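> A structural model of the following input is requested.
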Amino acid sequence: MKLFAVLVAASLATSPVRADALSPNNITQEIKKHGAHDVVAWLLAHGDYDRVMDKIDTGDRQWVMLAPLLAPGADAGAAEELPIALAFALPRNPEAVLSVVGGKGGFAVEDVCGAPFIEGTVDNIPAYIKKAERAVAHVSEPQLTDVKAKCLGALKKAAAAP
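Numbers count the residues shown, from 1 in each chain. This is a model prediction of the structure:
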């Protein structure tokens with residue numbers, strides 16, 4: 001087992017997922033080669049996991065679609081950051097986010113649409129919820145109808161929470 005860890009570390013050391021080459025395509029290719037666990041470990045070890053979360057936060061569809069690929073390799077704090085990044089992306093690109101929540105991407109609707117922010121990361125949660133509700137309400141893709149309704153329900157529940 002120790003030899004395996006050394007071999008993986010050595011192979012990831014030459015990984016094309018470098019700070020200057022972080023892209024959804026490169027990360028996806030590395031996940032296919034090395035597995036999500038090793039890629040997440042590499043990103044964390046090199047200080048790039050937060051950069052990837054920041055990219056997902058933007059709502060860019062390619063970055064959002066990376067979240068369910070990273071999820072199987074994330075644990076503890078890294079796993080908690082993924083739905084938070086998706087929640088930040090929700091008002092910016094609700095179609096992309098809704099396409100990876102529910103049964104489609106492995107993220108629970110409540111974990112993304114329930115305003116899962118760590119205290120102090122969002123200045124005005126009621127304003128965020130209103131913005132997210134407006135964005136989600138405008139989603140018109142028929143395949144997202146069920147998850148849209150569940151997300152709106154989770155946002156309403158989050159708005160009513162103390």
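> What part of this structure, helix or strand, is modelled with the least confidence?
The helix or strand with the lowest mean pLDDT-type score in the chain, counting by mean pLDDT, DSSP states H and E, is helix 2-13 (a mean of 44).
> ok, and for stretch 69-82, which residues are buried?
Along stretch 69-82, these residues count as buried under the neighbour rule (16 or more other CB atoms under 10 Å): 69-71, 73-74, 78, 81-82. Using the backbone N, CA and C atoms, a C-beta is placed for each residue, glycine as well.
> What lies in contact with the biggest helix by length in the chain?
Within the chain, and with DSSP state H defining each element, the longest helix by residue count is helix 145-160. Residues from elsewhere that reach helix 145-160 (CB atoms under 8 Å, 6 or more residues apart in numbering): 90, 94, 98, 101-102, 104, 109-110, 112-115, 125-126, 129-130, 132-133, 136-137, 139.
> ok, back up a step: check the buried residues of stretch 69-82 and tell me the two furthest apart.
Between any two of those, the greatest separation by CB to CB is 14.6 Å, found for Leu69 and Glu81.
> Count the neighbours of Leu44 for me.
Under the neighbour criterion other CB atoms under 10 Å, Leu44 is assigned a count of 16.
> Name all residues that make contact with it.
Residues near Leu44 by CB under 8 Å, 6+ apart: Ala78.
> pLDDT on the helix or strand harbouring it, on average?
Using DSSP states H and E, Leu44 sits within helix 36-45. Regarding helix 36-45, the rounded mean pLDDT is 96.
> After it, which helix or strand is next? Please name it.
Heading C-terminal from helix 36-45, the first helix or strand you meet, by DSSP H and E, is helix 49-57.
> For Leu70, give me phi and psi.
Note on Leu70: its backbone torsions stand at phi -80, psi -30 [degrees, to the nearest 10].
> Please report the distance of it from Lys148.
According to CB to CB, to the nearest Å, Leu70 stands 24 Å off from Lys148.
> repeat for Val136
On the measure of CB to CB, Val136 and Lys148 end up 6 Å apart.
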